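Student: task: produce atomic coordinates for the following.
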Amino acid sequence: MNKLKSIAICFVLFVVFVIAFSSCEHEPVLPEIYQSNVPIFTGDCNSDTIYYTTQIAPILNSNCATSKCHDASTAEHGVDLSSYSQVIKTAGVTPFNASSSELIEVLSESGDDQMPPPPSSQLSNSVKSILEKWINQGAYNFECSDTNQVCDTVSMSYVTNIVPILSVNCVGCHSGASPEGGLDLSNYTNVKAQVDSGKLLGAIEHFLGYVAMPYNTAKLSSCKISEIRNWVAEGALDN
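Tutor: Predicted coordinates:
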């Protein structure tokens, strides 16, 4: 009788173990460095390093982590792109391997699977390459200081200097068929109109009376603001 009781107990424990084991998703447990939203300060900025706070977060916030999509409250399909730790946890990021990261794969979809979804425009190749480079570098939450960096703001070019800043930080929200606030910053004519009204500098410099931009994320670096300010001072040319 005791032998049969022992066998029964072992069988029950085995079934419980199988059920518990099969219900686990077995997602890889990443090192602790990926589990915090506190940035890791690395000193002076390195032009070859991609920084999450100033380069990746603006892309995701303006293109993906929006209301009824991948913000914290909606988290469409279980993906929350509103913070570093949630990006790592829910977006299928494989550090050091962009090609196998779901975050990158979905950006090449089309039709109903397109990300960002229509009517938003797909990310440009240059913006995608920033995301890929960040992941291939380890997808770390690095930040840096640009106070000691040389910032060359002489002879600013709209195409070379201004468009990349706007593409990463603004165009995600301000483009497409239904741009935020009815403002499309994907072409020179509209950008120039915002320059002439004073709204562009007012927004990026966080002047009183203007909606601070980029919205709900870090202020542009002092160097990027200086580049835009000097481009404006030089006549805001379409060059």
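
Student: all helices of this structure, in order?
Tutor: 2-23, 57-63, 84-90, 102-105, 125-136, 163-169, 188-197, 199-204, 222-233 (DSSP state H).

Student: most tightly packed of the ones you listed?
Tutor: Mean neighbour count, computed with mean count of other CB atoms under 10 Å, is highest for helix 57-63 among those, reaching a mean of 24. For every residue, glycine as well, the C-beta is placed using N, CA and C.

Student: nearest residue to the middle of this protein?
Tutor: With distances taken as CA atoms, centre = their mean, residue 60 lies nearest the centre of the chain, 2.7 Å away.

Student: in this structure it contacts residue 81, no?
Tutor: Yes. Taking contacts as CB atoms under 8 Å, residue 60 lies within contact range of residue 81: 4.6 Å.

Student: if I look at those two, which residues touch both of them?
Tutor: Jointly contacting residue 60 and residue 81 under the rule CB atoms under 8 Å, 6 or more residues apart in numbering are 70, 87.

Student: which one of the helices of the chain lies closest to residue 31?
Tutor: helix 84-90 (10.5 Å; CB to CB).

Student: and the contacts of that closest one?
Tutor: With contacts defined as CB under 8 Å, 6+ apart, helix 84-90 is touched by 30, 34-37, 39, 52, 56-57, 60, 72, 75, 78-81, 93, 103, 139, 141.

Student: and the buried ones among these, selectable in ChimeraX?
Tutor: In ChimeraX syntax, the buried subset of the contacts of helix 84-90 is picked out as below (16 or more other CB atoms under 10 Å):
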select :34,39,52,56,57,60,75,79,80,81,93,103,139,141
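
Student: dump the residue contacts of residue 218.
Tutor: 53, 54, 57, 58.

Student: now with 7 Å, please.
Tutor: Contact analysis of residue 218 by CB atoms under 7 Å, 6 or more residues apart in numbering lists 53, 54, 57.

Student: just the pLDDT at residue 70, thanks.
Tutor: Residue 70 carries a pLDDT score of 86 in this model.

Student: sorry, that was for residue 28
Tutor: Residue 28 carries a pLDDT value of 58.

Student: cool, and residue 60?
Tutor: Listed pLDDT for residue 60 reads 90.

Student: contact partners for it?
Tutor: By CB under 7 Å, 6+ apart, the neighbours of residue 60 are 81, 87.

Student: heads up, I number from 796, so please use that
Tutor: Okay, residue one is now 796; in that scheme the one you just asked about reads as residue 855.

Student: how far away is it from residue 989?
Tutor: Using CB to CB, to the nearest Å, residue 855 is found at 23 Å from residue 989.

Student: please apply the same query to residue 967.
Tutor: Counting by CB to CB, the gap from residue 967 to residue 989 is 16 Å.

Student: okay, now the unreliable bits of this structure?
Tutor: Within the chain, the segments meeting pLDDT under 70 span 796-823, 862, 914.

Student: again, only using 50
Tutor: 796-800, 802-821 (pLDDT under 50).

Student: quick one: contacts for residue 936?
Tutor: Contacts of residue 936 by CB under 7 Å, 6+ apart are 834, 835, 847, 879.

Student: what's the farthest-apart pair in these?
Tutor: Greatest spacing in the contacts of residue 936, by CB to CB: 835 and 879 (10.2 Å).

Student: could the helices of the chain be laid out in JSON lines, adding distance to residue 974?
Tutor: Formatted as JSON lines, those follow (distance: least, CB to CB, whole Å):
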{"stretch": "helix 797-818", "distance to residue 974": "44"}
{"stretch": "helix 852-858", "distance to residue 974": "11"}
{"stretch": "helix 879-885", "distance to residue 974": "24"}
{"stretch": "helix 897-900", "distance to residue 974": "24"}
{"stretch": "helix 920-931", "distance to residue 974": "17"}
{"stretch": "helix 958-964", "distance to residue 974": "12"}
{"stretch": "helix 983-992", "distance to residue 974": "9"}
{"stretch": "helix 994-999", "distance to residue 974": "14"}
{"stretch": "helix 1017-1028", "distance to residue 974": "19"}
